[in-house]
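Visitor: this one's structure only:
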RNA sequence: GCCCCCAUCGUCUAUCGGUUAGGACACGGGCUUUUCAUGCCUGUAAGAGGAGUUCGACUCUCCUUGGGGGUGCCA
């Protein structure tokens, strides 16, 4: 029976999860699910200052939000401390490490690297990697304050967890040569490595908070769907081949392989993410969108209940036009509140045109006199008005839209008026006409 | 400084010696259309530079340039 493949995601909880970091988690997850192996979680909580219960919870929430379900129990690195130190002692006894007092900071434990020969391994994404032993240096494994250093803890925990494949960021490439020596010294099998290219910004520099949203929580707040973020991140450095882009996790897991992973850095393009998010929102089940819709409106303080009995109809109009949830309050304010803002450009183009106030009055009069108030009747009404004026619908539609919503885009005009209802429509048309005459808009 | 890695449209990428170098985002045009969004059609746009290997290189090798990563008590 073939040995089970085991991978792990080993973040240090800091309160926020960087997209570069979670991308590594995603690749680990995809690979594990692809091969039917185990995806383990290890919390490297050795920084007591930052690894608070809240920070750990934030990490777990993030994993859950993205659907990164892990197998087995979480291993907390601090729980292994005694073991780490025991092994350091063993290395000392065997002469593979030595004590040294550097700069009077006290004695630390340093691991010996070979002085000649070459250390090499085959990286699953970067290919054959090699380093001359003379270009390596001994390194600290236990600090002078007695705490184990990352290199030691990381390698030992990987042995403890039986990790067979280490998938992580490119910034760990140099560490790999050190870690391999540690595995050898401990007589443990050397895992396979896959180093993922870094995610960079528009300038090709490492992507950071200065480049906009850099943490998973921020994307969540901005109204990105976990599936969209997952899909987008998976495609940064990996392509399934063919022209497939929008895929389910299952499809991605099925198609995943390291042969199609790129070795060069990938830029983070928010526009493409936004497009993809819009695709996901458009395909979202109504109930899920509705829940997000309500939450966003509530957070914006908009009185979204009751919806004039036309909730489903409004959602029909809004969902396909939503790129991120954050757009919702702004896109819908006209429906819920009378203090909807007027877009300057739209006002200048459509309402400051000659005869705009007259058009609004005529429309209001016609709507008030009409026996019906439906999408079809409104369209017929405006069409008839346009024909009577000999100008077609265009010159009528635009001013009316801007008058009742303050915006140049949104639902179809007749749907918009219908959703608003006759009373609100008339009130707004006349109020705007009056402001135009007063010159206060 | 030294070590390692990387290099196709503006961006994400396909291509695994022979293609009119394909797709997606973004951008431009058109159709549908009352706006926006969608949908459909469509346009602009790429192998950093130089040697070499080969009948033939985006693809293999080397150099240059550019970029990224690392460099004994961060992870």
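Guide: Sure thing, it's come through. Keep in mind the model is a prediction, meaning the values are calculated, not measured.
Visitor: how about residue A:423, what does it touch?
Guide: Neighbour list for residue A:423: empty [criterion: C-beta atoms under 8 Å, 6 or more residues apart in numbering]. Placement of C-beta: from N, CA and C, glycine included.
Visitor: gap between it and RNA strand B?
Guide: Distance, residue A:423 to RNA strand B, by C-beta to the nearest atom of the strand, to the nearest Å: 21 Å.
Visitor: does that residue lie in a helix or a strand, and which?
Guide: Taking DSSP states H and E as the definition, residue A:423 sits inside helix A:422-438.
Visitor: what comes up buried for that helix?
Guide: Residues A:424-426, A:428-433, A:436 are the ones in helix A:422-438 that count as buried (16 or more other C-beta atoms under 10 Å).
Visitor: so can I have TSV of the residues you listed showing pLDDT?
Guide: Output for the buried residues of helix A:422-438, formatted as TSV (pLDDT from 0 to 100):
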residue	pLDDT
A:424	93
A:425	95
A:426	96
A:428	96
A:429	96
A:430	95
A:431	96
A:432	96
A:433	95
A:436	94
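Visitor: just the residues you listed now: which is nearest RNA strand B?
Guide: residue A:425 (14.0 Å; C-beta to the nearest atom of the strand).
Visitor: wait, that closest one sits on residue A:366?
Guide: No - using C-beta atoms under 8 Å, residue A:425 is not in contact with residue A:366, being 11.2 Å away.
Visitor: right, is the helix or strand harbouring residue A:24 up against RNA strand B?
Guide: Secondary structure assignment for residue A:24, by DSSP H and E: helix A:19-35. No - Helix A:19-35 is not in contact with RNA strand B by C-beta under 7 Å from any atom of the strand; minimum separation 9.0 Å.
Visitor: can you name the element that comes right after that helix?
Guide: strand A:38-43.
Visitor: angle of the helix or strand just after that following strand against strand A:38-43?
Guide: Proceeding N to C from strand A:38-43, the next assigned helix or strand is helix A:53-65, under DSSP H and E. For helix A:53-65 against strand A:38-43, the angle by axes from the mean of the first three to the mean of the last three C-alpha atoms, to 10 degrees is 160 degrees.
Visitor: helix A:53-65 vs helix A:19-35, what angle?
Guide: Using the same axes, to 10 degrees: helix A:53-65 against helix A:19-35 is 50 degrees.
Visitor: what packs against helix A:53-65?
Guide: strand A:38-43, helix A:216-221 (3 or more C-beta pairs under 8 Å, 6 or more residues apart in numbering; DSSP states H and E).
Visitor: need those in JSON lines with mean neighbour count and distance to residue A:187, can you?
Guide: Below are these laid out as JSON lines (neighbours: other C-beta atoms under 10 Å; distance: least, C-beta to C-beta, whole Å):
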{"stretch": "strand A:38-43", "mean neighbour count": "21", "distance to residue A:187": "21"}
{"stretch": "helix A:216-221", "mean neighbour count": "19", "distance to residue A:187": "38"}
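Visitor: of those, give the one that comes closest to RNA strand B.
Guide: The nearest among the helices and strands packed on helix A:53-65, by C-beta to the nearest atom of the strand, is strand A:38-43 at 9.8 Å.
Visitor: the closest one pairs with which strands?
Guide: strand A:6-9 (parallel), strand A:75-76 (parallel) (DSSP bridges).
Visitor: which of those is buried the deepest?
Guide: strand A:6-9 (a mean of 24; mean count of other C-beta atoms under 10 Å).
Visitor: which non-adjacent residue is nearest residue A:263?
Guide: Leaving aside its sequence neighbours, residue A:263 sits nearest to residue A:126 (C-beta to C-beta, 6 or more residues apart in numbering; 5.0 Å).
Visitor: who's in contact with the one you found?
Guide: Residues in contact with residue A:126, defined by C-beta under 8 Å, 6+ apart, are A:173, A:195, A:263.
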